[in-house]
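Asks: Structure for this input, please:
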Amino acid sequence: MPSKVRIALDAMGGDVGAPVVIPGAAISLGRHQNTEFLLVGDRAKIEPELDRHPELKAASRVIHTDVAVSMEDKPSQALRRGRRTSSMWLAIDAVKKGEADVAVSAGNTGALMAMSRFNLRTLPGIDRPALASPWPTMRGYSVVLDLGATIGGDAEHLVALAVMGAAMASVLFNKPRPTVGLLNIGVEEVKGHEEIREAGERLRALNLPQLDYIGFVEGDGIGKGLADVIVAEGFSGNIALKAAEGTARQIADILRNELQRSWMSKLGYLFARSAFRTLRDKMDPNKSNGGVFLGLNGVVIKSHGGTNAEGFAYAIDVGYEMIQYDLLNKINQMLNRDGGALVSVPTEPEDVS
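Replies: Prediction:
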């Protein structure tokens, strides 16, 4: 484990920018004193916020740029306009140059992925990166990927996602052999697209020592926590994420409205406050903030653009843990040890009669 974790922050990213990023960094520093920050953005906006947090100021260095990637920019536009000059690019570039161990941004997801992939490149054996994030479940948390970094993918891509997701889960959950499931429309082996069925056959045949493949998992199995890692291609993974976030907001709104309808409802809330507080904390998206772009030759963390300071601090915490417990080395070890097998194990011909 490194004695110091150096974190580059895109201080211009997200819906708010420095007024959220700087307080978030201060919160995270309070939890991890061995952190140093590289704050990239407009010095005139960063320094007034830093003056409010003397400890953070002492642990930070500011890199000035007044160029920011817009939340509305297309990835191609962001690359053309912000390459080598924007706060997002410079934070990623600090990782490439070895000036930082991890970059964290709440900025435009597509632009962040494009810049990260262009600048850092992918690891050997990885065709396309994936966005992975902790997901609150009935049993604690699971790692779910891909949440929309790329769309589509063949069986080989899904198997690579399983390997990378297992590496992340082993870091977050301290499990040497996390359970892995493939998101599908049913648990039966004959259901789903051909690439999903083939990926399941490959994972069973490989029987990798670093993960325990349990088979297909339906959508409701994510929230139940049926596996430590749930693998999906980016299209279905992103839909699952947005559906879950929308459901959480819907439940919160319904409860809030119902509890205000009558004095009996308000009285009932007084008796059940602890239960409601637990529900609120469990479903608070800020506390599961921080998606990891897996498959890059470097660690990049994506925060929700509309998060608050506490939520951004959680995203920084995820990056801290990925470095402290050597995520890249774990992924490389898995791929190098089993990478040849990932593409060489034949699958059995499918019988759908």
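Asks: what separates the nearest residue to Asn119 once chain neighbours are set aside from Ala166, distance-wise?
Replies: Leaving out its chain neighbours, the residue that sits closest to Asn119 by Cβ to Cβ, 6 or more residues apart in numbering is Ile92, at 5.1 Å. For glycine as for every other residue, the C-beta is placed from the backbone atoms N, C-alpha and C. Noted for Ile92: a distance of 25 Å to Ala166, by Cβ to Cβ, to the nearest Å.
Asks: Could you pull up phi and psi at Leu296?
Replies: Recorded main-chain torsions at Leu296 are phi -90, psi 160, according to degrees, to the nearest 10.
Asks: Stretch 146-158: which residues count as buried?
Replies: Of all the residues in stretch 146-158, those buried under the rule 16 or more other Cβ atoms under 10 Å are 146-150, 153, 155-158.
Asks: Narrow the residues you listed to those in helices?
Replies: Judged by DSSP state H, these include 155-158 as members of helices.
Asks: Let me know the average pLDDT across the helix or strand harbouring Thr247.
Replies: Assessed by DSSP states H and E, Thr247 sits inside helix 234-259. The average pLDDT within helix 234-259 is 81.
Asks: wait, is Ile92 part of a strand?
Replies: No - using DSSP: H, G, I helix; E, B strand; the rest coil, the assignment for Ile92 is helix, not a strand.
Asks: OK, contacts around the residue nearest to Asn119?
Replies: By Cβ atoms under 8 Å, 6 or more residues apart in numbering, the contact set of Ile92 is 8, 103, 112, 115-116, 119-120, 298, 300.
Asks: how close does it get to Ser76?
Replies: Taking Cβ to Cβ as the measure, Ile92 falls 17 Å from Ser76.
Asks: Quick one: the helices in the chain, in order.
Replies: 18-31, 43-50, 54-58, 75-82, 87-96, 109-120, 155-173, 194-206, 220-224, 234-259, 263-271, 273-282, 309-324, 327-344.
Asks: Which residues does the second one contact?
Replies: The one in question is helix 43-50. By Cβ under 8 Å, 6+ apart, the residues outside helix 43-50 that reach it are 11-12, 17-19, 22-23, 39, 56-57, 60, 62, 64.
Asks: Find the nearest non-adjacent residue to Gly82, please.
Replies: Gly82's closest residue in space is Val69 (Cβ to Cβ, 6+ apart), at 4.9 Å.
Asks: The one you found against Thr109, yeah?
Replies: No - contact criterion Cβ atoms under 8 Å: Val69 and Thr109 do not qualify, at 10.7 Å.
Asks: For the chain, which residues score under the pLDDT cut-off?
Replies: Residue ranges of the chain with pLDDT under 70: 1-2, 266-273, 275-286, 336-353.
Asks: Can you tell me the centre-most residue of it?
Replies: Nearest to the geometric centre of the chain sits Gly291, at 1.4 Å (Cα atoms, centre = their mean).
Asks: give me every residue that touches that one.
Replies: Counting by Cβ under 8 Å, 6+ apart, Gly291 touches 131-133, 147, 301-303.
Asks: ok, 10 Å please
Replies: With contact taken as Cβ atoms under 10 Å, 6 or more residues apart in numbering, Gly291 is in contact with 109, 112, 130-134, 144-149, 241, 300-304, 315, 318.
Asks: ok, now Val69?
Replies: Taking Cβ under 10 Å, 6+ apart as the test, what Val69 contacts is 10, 12-13, 75, 77-79, 81-82, 86-89, 105, 107-108, 110-112, 114-115.
Asks: mind running it again at 8 Å?
Replies: Val69 neighbours (Cβ under 8 Å, 6+ apart): 12-13, 78, 81-82, 86-89, 107-108, 111-112.
Asks: how about the helices of the chain in CSV, adding distance to Lys4?
Replies: Shown next, in CSV, are these (distance: least, Cβ to Cβ, whole Å):
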stretch, distance to Lys4
helix 18-31, 12
helix 43-50, 19
helix 54-58, 14
helix 75-82, 28
helix 87-96, 14
helix 109-120, 21
helix 155-173, 18
helix 194-206, 37
helix 220-224, 36
helix 234-259, 33
helix 263-271, 46
helix 273-282, 31
helix 309-324, 10
helix 327-344, 17
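Asks: Ser3: which of the ones you listed is closest?
Replies: helix 309-324 (10.4 Å; Cβ to Cβ).
Asks: partner residues bridging the residue nearest to the centre of the chain?
Replies: With DSSP bridges applied, Gly291 shows beta-bridge pairing to Lys302.
Asks: For it, give its distance to Leu226.
Replies: Applying Cβ to Cβ to Gly291 and Leu226 gives a distance of 21 Å.
Asks: Could you do Gln260 as well?
Replies: To Leu226, Gln260 is 36 Å away according to Cβ to Cβ.
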